[in-house]
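Student: following is a predicted model, sequence given first.
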Amino acid sequence: MNQKRKKQNKTSGFRLLLHTLKRVIRRDEGYIEKVSEFDENADYIKIRHNGTTDYGMVLYVIKENTGVDGFCATVWFVMHFLIFAHQHGFVPVIKLSKDFAYFDEDMSKEISNPWEYYFVSDENSYDENQALNVCYCDYRHMQRIRSMYDLDPYKAENYCEESIFALCTPYIQKYLQLKPSIKADASNLLKAVTENGGKVLGVHFRGTDYKRGYNNHPVFVDEKTTMEEIKKAMDTGRFAAVFLATDDASFYDRVREAMAEILVLIHPDVFRSSGNESVAFCENDRKNHHYLLGFEIARDMYTLSLCNGLVAGKSNVSFLSNLYKHSRNEAYEYMQIIDHGNNSNDNEYFKES
């Protein structure tokens, strides 16, 4: 059967080549333009017919963009695909795979879709393998949406852009609701301060692999600069404590050393790295390690969203925390996004081998 199919594909390919040559020779400009656009135009969407269910709708299956994206980067990509699906009248189905950086072998025995490790399941159940009409997310779709709405998390002005809040809020409320256990952990950490009327300054310090200066990523904001901004915020007298979210194992100790008079809150069980390797790709023998890496960053991001102020560099974590806050019709009363520009070099982001 495979040999027969290969022969058919070869014959079809030859016929297509002849057909294309004829159209080119005849200078069929409309045909040439369509063929030239095929790999670039986001509106050229292939619909597959996998079965017979869900008649009258098109399922749009959203998967991870690559296997090297961090947790919040993946969530941000999913947001783009959700907007694209809505624009085209498709029904989004978020279904991540083993390529997701936080896929966990043990967790997969209980939950087959890694997205549902962290997010509340859709009340509707769709099976892409049985549906009549199915299409799949594509990087071009994300590029279209990012360009259309200027959804760049590495532009500091976008942290205050009301149109982005208005665009993203419905998708956060409907599709990106974190599981209750994550929200509960986040609020419980701050409760000792907030129950007594105190306010908390959220701080996100992105260390580890950010120090490598990846192309098109924000320029690394060093410890000294971050601590200076923490001190400025605390000197306003608004905040009773600091919540620190960081992937860097040593930064908490340095903050405590430099600011012994400040109450600094952290989630104590977070796995952090002391080098310049992304935490997402660090191995450890703790049970459900890869699942927990995702849980911890989701919880840190959501905890930041519960704080009253924010000091952070540009990152997907700080950007999403701001979006989640606005999705609850709230806003930071103090926000300092440290912006040293973005890198422009040949140092591309990659996973350690």
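Tutor: Arrived safely.

Student: how close does residue 237 sit to residue 230?
Tutor: Using CB to CB, to the nearest Å, residue 237 is found at 14 Å from residue 230. Yep, even glycine has a C-beta here, placed from its N, CA and C like the rest.

Student: tell me which of these two has more neighbours.
Tutor: residue 230 (23 against 7; other CB atoms under 10 Å).

Student: pretty sure that one belongs to a strand, no?
Tutor: No: checked against DSSP: H, G, I helix; E, B strand; the rest coil, residue 230 lies outside a strand; its state is helix.

Student: that one contacts residue 254, correct?
Tutor: No: using CB atoms under 8 Å as the test, residue 230 is too far from residue 254 to be in contact (11.1 Å).

Student: where in the stretch 201-350 of the chain is pLDDT low?
Tutor: Residue ranges of the stretch 201-350 of the chain with pLDDT under 70: 207-214, 275-281, 349-350.

Student: so how far is residue 106 from the residue of the chain most remote from its centre?
Tutor: In the chain, the greatest distance from the average C-alpha position (CA atoms, centre = their mean) is reached by residue 26, at 47.1 Å. As judged by CB to CB, residue 26 and residue 106 stand 61 Å apart.

Student: for residue 306, same thing?
Tutor: In terms of CB to CB, residue 306 sits 30 Å off from residue 106.

Student: ok, now residue 99?
Tutor: 18 Å.

Student: what about these two, which has more around it?
Tutor: residue 99 (14 against 11).

Student: my read: that one touches residue 68, true?
Tutor: No: at 9.3 Å, residue 99 does not count as touching residue 68 under the criterion of CB under 8 Å.

Student: contacts only, for residue 200.
Tutor: Residue 200 makes contacts with 190, 193-194, 239-243, 265, 306-309, as judged by CB atoms under 8 Å, 6 or more residues apart in numbering.

Student: next one: phi and psi at residue 91?
Tutor: Reported as degrees, to the nearest 10, the phi and psi values for residue 91 are phi -100, psi 110.

Student: what about it, how many residues nearby?
Tutor: Neighbour tally, residue 91, other CB under 10 Å: 18.

Student: likewise for residue 319?
Tutor: 26.

Student: and it, how far is that from residue 267?
Tutor: 20 Å.

Student: what of residue 284?
Tutor: 16 Å.

Student: who has more neighbours out of those two?
Tutor: A side-by-side neighbour count of residue 284 and residue 267, using other CB under 10 Å, places residue 267 first with 17 against 10.

Student: got a list of what the more buried one touches?
Tutor: 185, 189, 296, 299-300, 303.

Student: which strand or helix spans it?
Tutor: Counting by DSSP states H and E, no helix or strand carries residue 267.

Student: immediately after the helix or strand harbouring residue 61, which helix or strand?
Tutor: Element membership for residue 61, per DSSP H and E: strand 59-62. Later in the chain than strand 59-62, the nearest helix or strand by DSSP H and E is helix 71-87.

Student: mean confidence score for the very next helix or strand once past that following helix?
Tutor: Once the chain leaves helix 71-87, the next helix or strand it forms, by DSSP H and E, is strand 91-94. When pLDDT is averaged over strand 91-94, the result is 96.

Student: which helices and strands does strand 91-94 pack with?
Tutor: Using 3 or more CB pairs under 8 Å, 6 or more residues apart in numbering; DSSP states H and E, the elements in contact with strand 91-94 are strand 59-62, helix 71-87.

Student: for the ones you listed, give me CSV that also has distance to residue 170.
Tutor: Listed next are the helices and strands packed on strand 91-94 as CSV, based on distance: least, CB to CB, whole Å:
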stretch, distance to residue 170
strand 59-62, 16
helix 71-87, 9
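
Student: single out the most deeply packed of these.
Tutor: Ranked by mean neighbour count under mean count of other CB atoms under 10 Å, these are led by strand 59-62, which reaches a mean of 24.

Student: hang on, residue 249 packs against residue 273?
Tutor: Yes: counting by CB under 8 Å, residue 249 does reach residue 273; the two are 6.1 Å apart.

Student: sorry, back to before: of the contacts of residue 200, which is the most crowded?
Tutor: residue 307 leads the contacts of residue 200 on contacts (other CB under 10 Å) with 29 neighbours.

Student: can you pull out the strands in the stretch 251-353 of the chain?
Tutor: 264-265, 309-313, 334-338 (DSSP state E, counting those that start in this stretch).

Student: got a list of contacts for the shortest one?
Tutor: Looking back up the chat, that one is strand 264-265. 189-190, 193, 200, 241-244, 252, 255-256.

Student: can you rerun that using 6 Å?
Tutor: Taking contacts as CB atoms under 6 Å, 6 or more residues apart in numbering, the residues outside strand 264-265 that touch it are 189, 241-244, 255-256.

Student: among these, which ones are in helices?
Tutor: Among these, the members falling in helices (DSSP state H) are 189, 255-256.

Student: residues in a beta bridge with the residue nearest to residue 332 when sequence neighbours are not counted, which ones?
Tutor: Among residues not flanking residue 332 along the chain, residue 310 sits closest, at 4.9 Å (CB to CB, 6 or more residues apart in numbering). Residue 310 has these beta-bridge partners by DSSP bridges: residue 202, residue 335.
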